[in-house]
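Visitor: please find the sequence and the predicted model below.
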Amino acid sequence: MLQPLDIVLGLKLVSIDRPFPGYEDLASGVGIALSSAHRSVQRLHQAGLLTPALRPLNPALLELLVYGVRYVYYVKPGALTRGIPTAHAAPPLSELMDGGADTPVWPDPKGSVRGYAVMPLHKAVPTAALNDPKLYELLALVDALRIGRARERKIAQDELEKRLAP
């Protein structure tokens, strides 16, 4: 069964525009143990989300994100905290729409924004996002699918379709 980390690693593989980088690079790029990266890639492959060469099958991944992530990895907004902006408060959605007064953030002491807490898919997400701007955008778009209203979800879906197009 897929775990939240699997979504993060699938998106990390999307953000890397080259052949499979190797488990060591993948693990260090996300900030997880080598064994966790290996198990996660195995689950992604078994679920039909990776090719035999361990590259993401973007149409299948997109389908999972658009139609499933909101229900499987749902999240309820938490208390006000310091963190890293996500969903409509982070790029690319922050550039496409007015964020409004409520700012969703991944709780993190390195964050510079106060907003309501949104638990990330995995505890490694804030660090991984800060180290990879392309991954950050993908994860923020996924959070918009998880917590956004209909308009935000539609714009996030459109942006994900652009980024995961073959």
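Guide: Here it is on my side, so go on.
Visitor: next up, the contacts around the nearest residue to R151 once chain neighbours are set aside.
Guide: On the basis of Cβ to Cβ, 6 or more residues apart in numbering, the spatially nearest residue to R151 that is not a chain neighbour turns out to be M97, at 7.7 Å. The way it works is simple: take the backbone N, C-alpha and C, and place the C-beta from them, glycine included. Counting by Cβ atoms under 8 Å, 6 or more residues apart in numbering, M97 touches 88, 151-152, 155.
Visitor: which of these sit farthest apart?
Guide: H88 and R151 (9.3 Å; Cβ to Cβ).
Visitor: neighbour-wise, which of these two wins?
Guide: For the pair H88 and R151, the greater number of neighbours falls to H88 (26 against 11), based on other Cβ atoms under 10 Å.
Visitor: quick one: the more buried one is in a helix?
Guide: Yes: when the secondary structure is assigned by DSSP: H, G, I helix; E, B strand; the rest coil, H88 falls within a helix.
Visitor: okay, it: pLDDT?
Guide: According to the per-residue confidence, H88 scores 93 in pLDDT.
Visitor: ditto for the one 4 residues further on
Guide: Model confidence at P92, expressed as pLDDT, equals 94.
Visitor: what do you get for P77?
Guide: 87.
Visitor: quick one, phi psi at D108?
Guide: Summarising the backbone geometry of D108 under the convention degrees, to the nearest 10, its torsions are phi -160, psi 130.
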